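**Q** Sequence first, predicted model second:
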Amino acid sequence: MLMPRLIPVLLLMNGQLVRSETFTQHQIIGDPLHEVSRFNEWKVDELIYLDITREGGLAQGRRDSGNRAYADSMEVLEAVASQCFMPLTWGGRIQSLDQVREIFSRGADKVAINTAAFETPELITQVAKRFGAQAMVVSVDVRQTNNGYDVMIQGGRTATGRDPVSWAKEAEDRGAGEILLQSLDRDGRGTGYDTALIEQVSDAVTIPVIACSGVGVYEHYAKGLKAGADAVAAANIWHFKELADRGGKRALQRAGFDVRM
């Protein structure tokens, strides 16, 4: 059995790192390149960058802020990849195979696709055939409803009426190598993963499921793995706790999981 992975998720908006809450509130926390050095030192298992920019160009920031100005998101990716010594997944605003090709040429190892994968599912197959299933991550954003769960697209703004279990199964059938499963309701709240959602999706597919959204304390990671996830990811906790990788993995060890230290 493979060791479970512990993965930081970094959110980019207009070229800057942000923390997120319920996909609607965002706080700028720094430059996208600064965190890479820290994660290299910690030797984290993997790194996921998601560009959640909705409109506008890249923010240039103050000249005395110490933050570098980037021309576009691909320049951000190239800068990150040049200093990133762990597997790198890049997602957000991906709409075509040509974009995927450019992302890989700039140094990413995987792509995470949400809206375009749902609206044009053939793209999943195209990416998997061209670059391998291991490089194709389908990002599934989910909101809880009175009747269960609803897959959301367009950065959580548009409901699809699709059940996440059936969509995850279709994504696997079309060639996806992994599912990145995110809960809009838990995002940034620190109340823990939606373990019922994780269990339902993990039971329905054979490919790895990366659980995300809701981590507030290190002990939440083990609950995500026990619900069936193959990897556990988080965003905000990595920015506000020192040695977050070590603390998270020690918590997993205490819960009985064998992890790479």
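**A** It's in. Numbers count the residues shown, from 1 in each chain.
**Q** From here on, just use CA atoms for contacts and neighbour counts.
**A** Noted.
**Q** who touches Ala222 in this structure?
**A** Ala251, Leu252, Ala255, Phe257 (C-alpha atoms under 8 Å, 6 or more residues apart in numbering).
**Q** Excluding chain neighbours, what is closest to the third one?
**A** In this case it means Ala255. Spatially, and ignoring its direct neighbours in sequence, Ala255 is nearest to Ala222 (6.5 Å; C-alpha to C-alpha, 6 or more residues apart in numbering).
**Q** any idea how far Ala128 is from Gly161?
**A** Separation of Ala128 from Gly161 (C-alpha to C-alpha, to the nearest Å): 26 Å.
**Q** so Trp42 sits right up against Leu243, yeah?
**A** Yes: counting by C-alpha atoms under 8 Å, Leu243 is a contact partner of Trp42 at 7.5 Å.
**Q** So what are the sheet partners of the host helix or strand of Pro8 and their directions?
**A** Secondary structure from DSSP states H and E places Pro8 in strand 5-13. Strand 5-13 sits in its sheet next to strand 16-21 (antiparallel), strand 47-51 (parallel), strand 231-234 (parallel), going by DSSP bridges.
**Q** Touching whichever helix or strand comes after the last one from outside, list them.
**A** Following strand 231-234 in sequence order, the next helix or strand is helix 236-240 (DSSP H and E). Contacts made with helix 236-240 from outside it, assessed by C-alpha under 8 Å, 6+ apart, are listed as Pro8, Arg19, Ser20, Gly188, Val215, Gly216, Val217, Ala244, Asp245.
**Q** check contacts around the fifth one.
**A** Applying C-alpha under 8 Å, 6+ apart to Val215 gives the contacts Gly188, Arg189, Gly190, Thr191, Gly192, Tyr193, Tyr221, Ala234, Ile237.
**Q** Partner strands of the helix or strand hosting Val142, with direction?
**A** According to DSSP H and E, Val142 maps onto strand 136-145. Strand 136-145 has the following strand partners under DSSP bridges: strand 110-113 (parallel), strand 148-153 (antiparallel), strand 178-183 (parallel).
**Q** got the angle for the helix or strand bottoming out on mean pLDDT in the chain vs strand 5-13?
**A** When each helix and strand of the chain is scored by mean pLDDT, DSSP states H and E, strand 25-30 comes last, with a mean of 79. Comparing the axes of strand 25-30 and strand 5-13 via axes from the mean of the first three to the mean of the last three C-alpha atoms, to 10 degrees yields an angle of 100 degrees.
**Q** Show me which residues of strand 25-30 are buried.
**A** Gly30 (16 or more other C-alpha atoms under 10 Å).
**Q** Specify the next element, helix or strand, located C-terminal of that strand.
**A** helix 34-42.
**Q** So which other helices or strands are in contact with that next one?
**A** helix 73-83 (3 or more C-alpha pairs under 8 Å, 6 or more residues apart in numbering; DSSP states H and E).
**Q** same question for the helix it packs on, mean pLDDT?
**A** Average pLDDT, helix 73-83: 93.
**Q** Now it - C-alpha only, CSV.
**A** Provided in CSV are the C-alpha atoms of helix 73-83 (Å, rounded to 0.1, in the frame of the first residue of the first chain):
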residue,chain,number,x,y,z
SER,A,73,0.1,33.4,-14.7
MET,A,74,2.5,31.4,-16.9
GLU,A,75,5.4,33.5,-15.7
VAL,A,76,4.3,32.7,-12.2
LEU,A,77,4.3,29.0,-13.0
GLU,A,78,7.7,29.1,-14.6
ALA,A,79,9.2,30.9,-11.6
VAL,A,80,7.6,28.5,-9.2
ALA,A,81,8.7,25.4,-11.2
SER,A,82,12.3,26.6,-11.4
GLN,A,83,12.6,26.4,-7.6
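**Q** now the angle between strand 5-13 and that helix, please.
**A** Using the same axes, to 10 degrees, helix 73-83 lies at 150 degrees relative to strand 5-13.
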